[in-house]
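J.: need coordinates for the following:
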Amino acid sequence: MGRFARNLMARASGGSVALSRLWPGRTDRLIIAPHDLRTADATRAAEIYAGRFVFAGKIVTCHGRSIFDLEPPSEDWEVALLGFGWLRHLRAADTALTRANARSLVDDWISNSGQKRRPIGRRADVLARRVISLLSQAPLVLGDTDGKFYRRYLRGLTREIRYLRYTMIDIPDGVPRLQVLIALCYASLCLANQSGHIRAATRKLSDELQRQILPDGGHISRNPGALIELLIDLLPLRQTFAARNIAPPPALLNAIDRMMPMLRFFRHGDGSFALFNGMSSAPSDLLATLLAYDDTHGVPMANMPHTGFQRLDAGAMTVIMDTGPPPPPSVSHDAHAGCLSFELSSGASRIVINCGMPSTGRDNWRVFARSTAAHSTLTYHDISSCQFVELSAVKRLLQGAPVVSGPSNVESYREVVANGVLLTTSHDGYLGRFGVVHRRVLMAAHDGSRLDGEDTVSPAPGARIKGSETDYAVRFHLHPAVKASRLSDARGVMLVLPNRDVWTFEALDDKVELEDSVFLAGNDGPRRTAQIVIRQDSRHASSIRWSFVRSTASPSATTARRNARREPELPL
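T.: Take a look at the predicted model:
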């Protein structure tokens with residue numbers, strides 16, 4: 001009943017100017033506008049002025065009508081429109097024309113009665129993004145305005161904040177919940193007569209940061225992209241506290257200090273992020289902006305035990321590996337079944353990747369992208385190591401498809417040996433259904449010239465393999481920039497990197513296939529690529545040994561040398 005009452009009061013206050021004037025904590029002026037760290041493009045301002053709104057790969061032209069009355073071409077497009085983040089492009093142009101255009105569009109939204117019928121616009125994360133955008137871009141909208149529009153702007157903004165604060169919104173766990181609390185903190189700091197809300201908003205944000213940001217700096221969802229989404233708002237929030245001469249809460253400072261090293265942990269040599277648990281492409285300029293706030297500038301840590309990832313750096317070679325169980329169900333809507341998958345890069349060239357997730361149009365690829373087969377790891381009988389909610393009715397109820405089962409015991413142990421760094425891992429994601437445990441051992445040479453591996457599927461001690469399905473496959477998805485050629489003996493693949501470096505993939509006892517794959521996380525959308533696949537039967541061969549070896553010779557010399565010699569014995 002209390003939640004229903006808050007919902008009713010929020011709707012009443014949002015629709016009645018008279019009631020909003022009597023509401024406690026009424027705002028009558030903007031004190032400060034937070035800084036927006038997102039990259040702005042002044043050339044986009046001309047498109048918006050011409051009535052062309054380009055979001056999420058879709059274009060909508062107004063033709064003189066209100067953009068808020070038109071049918072959105074996709075949900076991603078509507079989220080971008082109603083988040084009002086595009087105001088920063090108008091601010092980047094900084095002309096009288098773009099300022100007038102911004103005021104006209106915001107006034108249209110405030111006056112448009114159809115906005116109340118747009119469920120996406122009232123979604124918690126979209127509403128929070130709109131509040132932050134309207135606060136941070138207030139100098140653009142209010143710079144040359146009169147008192148009448150100023151008051152209308154603040155009344156409309158206050159209605160949005162009140163709805164966010166008091167209405168009965170089922171805020172999803174994870175990043176959306178933090179975004180709402182960040183928006184409420186901004187509102188209490190930036191608007192007058194809101195000092196009574198500062199303490200409550202700060203306390204709630206602090207509690208949620210302590211819960212969601214793990215001790216090693218990772219996010220509870222295990223999605224590297226969550227760090228970018230949160231830091232882009234948390235860093236300006238820290239500055240906003242300082243601008244108001246209010247000490248930032250320790251939980252905020254500690255969370256930022258823990259999260260910044262994780263940005264370096266997930267980066268490859270080309271600056272891109274490793275593709276785990278829903279990660280897509282990250283704009284390089286945005287990453288550069290965030291890393292400019294990193295005071296440590298140190299070497300990434302090797303082990304993130306709370307988030308569940310390992311990193312091997314040797315010479316110019318980098319290996320990043322998922323060694324953790326799936327996240328809790330409430331934050332697993334974007335989690336992938338990629339346990340023990342890894343990515344490999346050499347210098348500025350990525351070699352082995354996971355397929356990742358596209359930045360737009362995710363629904364078309366979601367089922368495949370979350371499967372184990374879309375990751376560079378072992379798949380048993382073409383079944384994923386995690387199971388997801390599949391019933392449509394349950395998906396609608398839960399607002400997605402969380403993980404319902406998966407590896408519960410994931411072990412990892414690393415040690416320095418004579419030949420390099422040895423990483424021994426295992427998971428039990430296939431134990432319940434097939435009675436087997438996947439064990440993966442990696443060894444990176446000290447000079448970064450080779451990566452040796454062994455994948456084993458074996459029954460648990462004292463148990464037997466269940467059922468008659470005993471086939472399994474080990475996959476290594478290749479970056480689209482890598483040119484792959486299968487060698488004549490069918491046990492190796494020559495890999496030529498963009499910088500003309502040559503690596504050779506070799507299997508000790510097994511036939512190697514080169515098959516089609518897809519790279520989903522490209523800036524220009526999904527791209528065709530290749531994958532190295534080794535298939536085996538666990539009853540006949542329980543392990544597969546393989547290696548990636550860097551060659552100092554030309555591609556032709558490497559081919560001749562490889563064909564002339566016998567297969568090497570791997571050191572594992």
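
J.: tally of neighbours for I351?
T.: 28 (other Cβ atoms under 10 Å). Placement of C-beta: from N, CA and C, glycine included.

J.: hang on, it packs against V549?
T.: No: look at I351 against V549 with Cβ atoms under 8 Å: they stay out of range, at 11.6 Å.

J.: any shared contact partners between those two?
T.: The contact sets of I351 and V549 overlap at W503 (Cβ atoms under 8 Å, 6 or more residues apart in numbering).

J.: so where does the residue lying closest to W86 once chain neighbours are set aside fall, helix or strand?
T.: Ranked by Cβ to Cβ, 6 or more residues apart in numbering and with sequence neighbours excluded, the top spatial neighbour of W86 is I48, at 6.5 Å. Following DSSP states H and E, one finds I48 within helix 43-49.

J.: what do you get for R528?
T.: strand 527-537.

J.: average model confidence for that strand?
T.: When pLDDT is averaged along strand 527-537, the result is 94.

J.: from the contact counts, what lies against that strand?
T.: strand 471-478, strand 513-519, strand 543-551 (3 or more Cβ pairs under 8 Å, 6 or more residues apart in numbering; DSSP states H and E).

J.: can you lay out these as TSV showing mean pLDDT?
T.: TSV is the format used below for the helices and strands packed on strand 527-537 (pLDDT from 0 to 100):
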stretch	mean pLDDT
strand 471-478	95
strand 513-519	94
strand 543-551	94
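
J.: now do the contacts for the residue nearest to W86.
T.: 86, 89-90, 101, 105.

J.: from the helices and strands packed on strand 527-537, which stretch is densest packed?
T.: Among the helices and strands packed on strand 527-537, strand 471-478 has the highest mean neighbour count (mean count of other Cβ atoms under 10 Å), at a mean of 23.

J.: that strand to strand 543-551, inter-axis angle?
T.: 20 degrees (axes from the mean of the first three to the mean of the last three Cα atoms, to 10 degrees).

J.: what domains does the record give for the chain?
T.: 1-170, 309-564 (automatic domain parsing).

J.: among the ones you listed, which is nearest D257?
T.: Closest to D257 of those, according to Cβ to Cβ: domain 1-170, at 17.5 Å.

J.: avg pLDDT for the closest one?
T.: 79.

J.: could you look up the SS state of the most centrally placed residue in the chain?
T.: Central residue of the chain (Cα atoms, centre = their mean): G225, 2.4 Å from the mean position. The local conformation at G225, judged by DSSP: H, G, I helix; E, B strand; the rest coil, is helix.

J.: that one touches F273, doesn't it?
T.: Yes: using Cβ under 8 Å, G225 makes contact with F273 at a distance of 7.2 Å.

J.: residues contacting the closest residue to G51 other than its chain neighbours?
T.: Spatial nearest neighbour of G51, chain neighbours left out: C62 (3.6 Å); criterion: Cβ to Cβ, 6+ apart. C62 makes contact with 51-53, 70, according to Cβ under 8 Å, 6+ apart.

J.: now do the phi/psi pair for the closest residue to R491 other than its chain neighbours.
T.: Counting by Cβ to Cβ, 6+ apart, R491 lies nearest to A507, which is 5.0 Å off, once chain neighbours are set aside. Note on A507: its backbone torsions stand at phi -110, psi 140 [degrees, to the nearest 10].

J.: how many other residues sit next to A507?
T.: 21.

J.: who's it bridged to?
T.: A507 has these beta-bridge partners by DSSP bridges: W546.

J.: P305 versus that one, what's the distance?
T.: 32 Å (Cβ to Cβ, to the nearest Å).

J.: can you check M321 too?
T.: 13 Å.

J.: how long is stretch 492-508 end to end?
T.: One end of stretch 492-508 sits 9 Å from the other (Cα to Cα, to the nearest Å).

J.: list the buried residues in it.
T.: Using 16 or more other Cβ atoms under 10 Å as the test for burial, stretch 492-508 gives 492-497, 501-508.

J.: the residue nearest to G51 and C339: what is the separation?
T.: For C62 relative to C339 (Cβ to Cβ), the value is 47 Å.

J.: next, L164: secondary structure please.
T.: helix.

J.: ok, now which ones touch it?
T.: L164 is in contact with 124, 127-128, 131, 180, 183-184, 187, counting by Cβ under 8 Å, 6+ apart.

J.: just the residues you listed: which are in helices?
T.: 124, 127-128, 131, 180, 183-184, 187 (DSSP state H).

J.: what comes up buried for stretch 213-228?
T.: Under 16+ other Cβ under 10 Å, the buried positions of stretch 213-228 are 213-214, 216-228.

J.: what's the first-to-last distance across that stretch?
T.: 13 Å.

J.: now that stretch, how far from the centre of its chain.
T.: Centroid separation for stretch 213-228 versus its chain: 9 Å, with Cα atoms, centre = their mean, to the nearest Å.

J.: what's the mean pLDDT across that stretch?
T.: On average, stretch 213-228 scores 94.

J.: quick check: next helix or strand after the helix holding I48?
T.: With DSSP H and E, the next secondary element past helix 43-49 is strand 52-55.

J.: does anything pack onto that following strand? Which helices or strands?
T.: helix 43-49, strand 58-61, helix 75-83.

J.: give me the helices and strands touching the last one, please.
T.: Counting by 3+ Cβ pairs under 8 Å, 6+ apart, the packing neighbours recorded for helix 75-83 are strand 52-55, strand 58-61, helix 124-136.

J.: pick the most deeply packed of the ones you listed.
T.: Sorting the helices and strands packed on helix 75-83 by mean neighbours (by mean count of other Cβ under 10 Å), the first place falls to helix 124-136, with a mean of 23.

J.: give me the contacts around the very next helix or strand once past it.
T.: The helix or strand immediately downstream of helix 124-136 is helix 138-142, counting by DSSP H and E. Contact with helix 138-142 is made by 30, 33, 87, 90-91, 94, 98-99, 102-103, 106, 134, 149-150, 153, as judged by Cβ under 8 Å, 6+ apart.

J.: okay, buried residues for helix 138-142 please.
T.: 138, 140-142.

J.: report the distance from stretch 366-383 to the chain centre.
T.: 18 Å.

J.: now that stretch: buried residues?
T.: Buried-residue list, stretch 366-383, by 16+ other Cβ under 10 Å: 366, 369-381, 383.
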